[in-house]
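K.L.:
Predicted model follows, preceded by the sequence.
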Amino acid sequence: MKTYHRHLIGQWLNNFLLAFLILNLLLLVGNLVKYGTKVGIANIFPMLPALLPSMLIYSLPMAALTSTISTLSRARQLCEPVTLASSGLGLFKLLPPFILIGLFLNALTVISFQWLQPM
């Protein structure tokens, strides 16, 4: 089961990184449109460390949800839950890696919201 958990985490991580990158790029483009006319595009890049924590608050949970849904739907397409059930393992055995990742991302979001985001 540990091998399957590693497989699920690997699939989830690939999906998460792709979704996280796309969402951050979309939020960055939104910030460029918002502040680009007032400040200038050349001055936006020094502001990125100040903009990143406010973008993390939105992009981390959305990327986690997107990657969890896509990982589990991919497992469903390949009939992996049926294979686990036929080998005597319940579907709740799939949850521990997702719960641990969710708790870690929850802590990261709280840290980003409470301490990293500029007041």
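P.N.:
Perfect, I can see it now. Numbers count the residues shown, from 1 in each chain.
K.L.:
same question for the helix or strand hosting Ser54, mean pLDDT?
P.N.:
When secondary structure is defined using DSSP states H and E, the element that contains Ser54 is helix 48-77. Taken as a whole, helix 48-77 carries a mean pLDDT of 87.
K.L.:
repeat for stretch 86-105
P.N.:
Model confidence over stretch 86-105, given as mean pLDDT, is 84.
K.L.:
Distance from it to the middle of the chain?
P.N.:
17 Å (CA atoms, centre = their mean, to the nearest Å).
K.L.:
what does stretch 67-85 give?
P.N.:
Here the centre of stretch 67-85 is set off from its chain's centre by 18 Å, with CA atoms, centre = their mean.
K.L.:
Could you report the distance from Gln114 to Gly88?
P.N.:
Counting by CB to CB, to the nearest Å, the separation of Gln114 from Gly88 is 44 Å. C-beta: built from backbone N, CA, C; applies to glycine.
K.L.:
before we move on, what about Leu17?
P.N.:
The spacing between Leu17 and Gly88, counted by CB to CB, is 33 Å.
K.L.:
if you count what's nearby, which of the two comes out ahead?
P.N.:
Under the criterion of other CB atoms under 10 Å, the comparison of Leu17 against Gly88 puts Leu17 first, with 12 against 6.
K.L.:
Check that one and give its pLDDT.
P.N.:
So, for Leu17, pLDDT stands at 96.
K.L.:
Now do it against Leu103, distance only.
P.N.:
Taking CB to CB as the measure, Leu17 falls 19 Å from Leu103.
K.L.:
Glu80 now?
P.N.:
The gap separating Glu80 from Leu103 is 24 Å, by CB to CB.
K.L.:
same question, Ser73
P.N.:
With the distance defined as CB to CB, Ser73 ends up 22 Å from Leu103.
K.L.:
For the chain, which segments count as helices?
P.N.:
Listed from the start of the chain, the chain has helices (DSSP state H) covering 2-39, 48-77, 80-86, 95-111.
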